[in-house]
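**Student:** What follows is a predicted structure for the sequence shown.
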Amino acid sequence: MVLKSFDDLKEKVKASGAVKRLIAVSADDAHTLEAVMEAKKDGMVVPIFIGESEAIKKTLEEIGEKPDEYRIYEEPDFDKAAELGVKLIKDGKGDFLMKGRLETSQILRALVKPENDMALNGVMSHIAVNDVPAYHKLLITTDGGMNVAPNFNMKLGILVNAVNTLRALGYDQPKVAALANAEKIDPKIPESVESGKLKDMYANGEIKNCIVEGPVALDIALVKERAEVKHFESPVAGDADIILSPNIFTSNTLGKSLVEMAGAKMAGLIVGAKVPVILTSRGSSSEEKYNSIILAAAVAAGSENISNDDIADLNGLKFW
């Protein structure tokens, strides 16, 4: 199956009937609460809040809600709120986390602490799911928000995380474009070499249940006509589901360009953890946060039978 838009994703979640428990960390933020309440009204989530309880209650009242109907944990300290959110997940009291008013680094610190044991395969990564008017389906860009300069093993883990996200949404063979500047391996460009190695692993059966192309430039990955002009044949050409970038700068720049210049709508998640974690900017609109909620709910609902080992063997790899 292929999801063409966030509207498709919303209908998928609603049709499933799944209702997931959302834990919003430092939730005393108007856009966060507006998005959460919209998802609740659509029957997708049951919210649990952490933060300054009086501020949360005041905002709930302002948007027409009754604060006494919700579970609110009092914890104004951002770092402690993040730790509490992770603890509630570990205690089985929630299905996914959502970042509210705290900084990205604060929730990431709680997630990556070894003692919290939140990583599934050794690597957690950020995905942006983009609904781009000029593209024919939803497009994932990764990793533009967490891993700065991933080594090869980390890139493999990032690929696995992105593929598993789409498999949880019902995709059979997600198409991955391992990004570089051109379609021929250049020994002088490490990103080109590593993209080629990922394709070789796919060709050798070491990466499964997806299609990997690389190295490949962005225009080839997204525009079929560009591939035809260059006589480049690949099932990924003009039809990529996932753009795997060489570093955080490339992916972050691409994602922001899609939003600011191409009119894309975006949802952001941390994946590769035991539960999806909604990670959007504190300045994000309530619509972006809402899209991220429906994405997280869909991934949480579809992840039960998804295994990392179905994509690639990450056991024993050194990621750092």
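**Tutor:** Received it, and whenever you're ready, just let me know what you need.

**Student:** Need the distance between the two termini of stretch 110-130.
**Tutor:** For stretch 110-130, the first-to-last residue distance is 27 Å (Cα to Cα, to the nearest Å).

**Student:** Any buried residues in that stretch, and which?
**Tutor:** Neighbour counts over stretch 110-130 (16 or more other Cβ atoms under 10 Å) mark 110-111, 116, 118-130 as buried. For the C-beta atoms, the positions are set from N, CA and C on the backbone; glycine is no exception.

**Student:** Now the two most distant members of the residues you listed.
**Tutor:** 116 and 130 (29.7 Å; Cβ to Cβ).

**Student:** All the helices of the stretch 151-300 of the chain, residue numbers only.
**Tutor:** For the stretch 151-300 of the chain, the helices defined by DSSP state H, counting those that start in this stretch occupy 152-168, 190-203, 218-222, 224-229, 248-262, 286-302.

**Student:** Make a markdown table from those helices and add mean pLDDT, mean neighbour count and distance to residue 274 to it.
**Tutor:** Shown next, in a markdown table, are these (pLDDT from 0 to 100; neighbours: other Cβ atoms under 10 Å; distance: least, Cβ to Cβ, whole Å):
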| stretch | mean pLDDT | mean neighbour count | distance to residue 274 |
| --- | --- | --- | --- |
| helix 152-168 | 96 | 25 | 12 |
| helix 190-203 | 97 | 19 | 25 |
| helix 218-222 | 97 | 21 | 31 |
| helix 224-229 | 96 | 14 | 38 |
| helix 248-262 | 96 | 17 | 23 |
| helix 286-302 | 94 | 24 | 10 |
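
**Student:** can you list the ones you listed in CSV and add distance to residue 28?
**Tutor:** Listed next are those as CSV, based on distance: least, Cβ to Cβ, whole Å:
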stretch, distance to residue 28
helix 152-168, 29
helix 190-203, 41
helix 218-222, 39
helix 224-229, 47
helix 248-262, 26
helix 286-302, 14
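
**Student:** who wins for proximity to residue 34 among those helices?
**Tutor:** Nearest to residue 34, of all the helices of the stretch 151-300 of the chain, is helix 286-302, at 4.1 Å by Cβ to Cβ.

**Student:** And the closest one, what does it pack against?
**Tutor:** For helix 286-302, the packing partners by 3 or more Cβ pairs under 8 Å, 6 or more residues apart in numbering; DSSP states H and E come out as helix 6-16, strand 20-25, helix 30-41, strand 96-99, strand 125-131, helix 152-168, strand 265-271, strand 277-278.

**Student:** So which elements touch the longest one?
**Tutor:** Read it as helix 152-168. With contacts taken as 3+ Cβ pairs under 8 Å, 6+ apart, helix 152-168 sits against strand 125-131, strand 139-142, strand 175-179, helix 190-203, strand 242-244, strand 265-271, helix 286-302.

**Student:** right, so of the ones you listed, which gets closest to residue 94?
**Tutor:** Of all those, helix 286-302 sits nearest to residue 94, with 9.7 Å by Cβ to Cβ.

**Student:** got the angle for the closest one vs helix 30-41?
**Tutor:** Counting by axes from the mean of the first three to the mean of the last three Cα atoms, to 10 degrees, helix 286-302 lies at 50 degrees to helix 30-41.

**Student:** could you give the angle of helix 286-302 to helix 248-262?
**Tutor:** Interaxial angle of helix 286-302 relative to helix 248-262 (the same axes, to 10 degrees): 120 degrees.

**Student:** Distance from the chain centre to helix 286-302, please.
**Tutor:** 10 Å (Cα atoms, centre = their mean, to the nearest Å).

**Student:** got the CA coordinates for it in CSV?
**Tutor:** C-alpha atoms of helix 286-302 as CSV (Å, rounded to 0.1, in the frame of the first residue of the first chain):
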residue,chain,number,x,y,z
SER,A,286,-0.9,22.9,16.0
GLU,A,287,-1.5,21.3,12.6
GLU,A,288,2.1,20.0,12.4
LYS,A,289,1.7,18.6,16.0
TYR,A,290,-1.6,17.0,15.1
ASN,A,291,-0.1,15.4,12.0
SER,A,292,2.7,14.0,14.2
ILE,A,293,0.1,12.6,16.7
ILE,A,294,-1.8,10.7,14.0
LEU,A,295,1.6,9.4,12.6
ALA,A,296,2.7,8.2,16.1
ALA,A,297,-0.7,6.6,16.7
ALA,A,298,-0.5,4.8,13.4
VAL,A,299,3.1,3.6,14.0
ALA,A,300,2.3,2.5,17.6
ALA,A,301,-0.7,0.5,16.4
GLY,A,302,1.2,-1.2,13.6
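
**Student:** My guess is residue 197 contacts residue 152. True?
**Tutor:** Yes. Between residue 197 and residue 152 there is a contact under Cβ atoms under 8 Å: 6.7 Å.

**Student:** follow-up on the earlier one: averaging pLDDT over each of the helices and strands packed on helix 286-302, which comes out lowest?
**Tutor:** Note on those: lowest mean pLDDT is at helix 6-16, with a mean of 92.
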